[in-house]
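In: Sequence isn't available, so here's the structure alone:
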């Protein structure tokens, strides 16, 4: 009996290990020492709808690329050598004339576009270096169950576009910087232990949460900082009606304005958005955390209400912590 139990236990362990082991590992190095010198080509080399995780290891270097992870390349992992020296860089922006002689928009200005589900990224810098010509997205994510850790996402206007009504995204220990609305979109997103740096007097977030979604952007234990001389920054403004953004236990620098939130007046298509917007805080601290002068239509969560903001309740049947 004991022998049977031991065999069954060994079989179970092997199954678990197999599930957690990439079915393929591909190496990318700009110096030619890997299988590919291009991240884009490495992604294209893995099977469509593969049987498990496809691990792409990226050696330190600067990769001047515009990258798409299409929906058929699910479970791709991009693992950089380190975020300081492993960089994906591009310079597209809204209004730029593309190869087909057409003007680009915000939505195709990305450096990296993630359409696939269950994509993971770690130890990378993703940057759009166009900073004075209009909207220029660094990271555009539409896939579900997206995880990025220990990475930098650098840009100016519209740095992170987290979108998709059914998209769930998790950012941990990341550094994100930008100027205007530099975290925006309709996805359900958790930012955990992230540093968010404002480069201009403007707005950090611009959510466009779906009317039927309970959660939009949720920040846990983050830190809001600013470039020297920046003194007038709002936590967010609603890109669309029903925008939802919540900051929990966040350290806020003195660049955050006392009113905290902006209603985005003057939008003829979506007027009076503050009437349906849900903006809230709990446990804010630092020089920008004085909530006495916050706009009347924002909220301060009670200890009872903040209990509804957990990973399990926000993401439902998906737990990004295990990734």
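Out: Great, that's in hand. The structure displayed is predicted, hence computed values, not measured ones.
In: now the protein, which segments are flagged as low pLDDT?
Out: 1-19, 323 (pLDDT under 70).
In: what do you get if the cut-off is 50, keeping everything else the same?
Out: 5, 7-8, 10-18 (pLDDT under 50).
In: quick one: the helices in it?
Out: 2-20, 39-45, 303-306, 311-315 (DSSP state H).
In: hmm, who's touching the last one?
Out: Applying CB atoms under 8 Å, 6 or more residues apart in numbering, the set of residues contacting helix 311-315 from outside is 168, 170, 188, 190, 215, 218, 319, 320, 321. Every C-beta, even on glycine, is put in place using the N, C-alpha and C of the backbone.
In: Okay, buried residues for stretch 106-119 please.
Out: Neighbour-count burial for stretch 106-119 flags 106, 108-119 (criterion: 16 or more other CB atoms under 10 Å).
In: From these, pick the one nearest residue 272.
Out: residue 106 (24.2 Å; CB to CB).
In: ok, the closest one touching residue 137?
Out: Yes: between residue 106 and residue 137 a contact is recorded at 6.4 Å, counting by CB atoms under 8 Å.
In: Inside strands: which ones of the buried residues of stretch 106-119?
Out: 112, 113, 114 (DSSP state E).
In: Count the residues that sit near residue 228.
Out: 5 (other CB atoms under 10 Å).
In: What distance do you get for it to residue 176?
Out: Distance, residue 228 to residue 176, using CB to CB, to the nearest Å: 18 Å.
In: What lies in contact with stretch 69-86?
Out: So stretch 69-86 is contacted by 22, 39, 43, 46, 48-50, 52-61, 112-125, 143, 150-152, 175 (CB under 8 Å, 6+ apart).
In: Quick check: end-to-end length of it?
Out: 18 Å (CA to CA, to the nearest Å).
In: Likewise for stretch 236-246?
Out: 10 Å.
In: List the contacts of that stretch.
Out: 181, 184-186, 203-211, 213-219, 235, 261-264, 270, 273-282, 301, 309.
In: now swap in stretch 149-157 and tell me
Out: Looking at what lies outside stretch 149-157 - CB under 8 Å, 6+ apart - the contacts are 80, 83, 120-128, 130-132, 134-139, 159-160, 171-182, 199-200.
In: Can you tell me the number of residues neighbouring the closest residue to residue 174 other than its chain neighbours?
Out: What sits nearest to residue 174 in space, not counting adjacent residues and going by CB to CB, 6 or more residues apart in numbering, is residue 194, at 4.7 Å. Residues within reach of residue 194, counting by other CB under 10 Å, total 23.
In: Kindly report the same for residue 48.
Out: So residue 48, with other CB under 10 Å, has 11 neighbours.
In: for residue 303, same thing?
Out: 8.
In: still on that earlier bit, ok, so of the ones in strands among the buried residues of stretch 106-119, who is nearest residue 102?
Out: residue 113 (17.3 Å).
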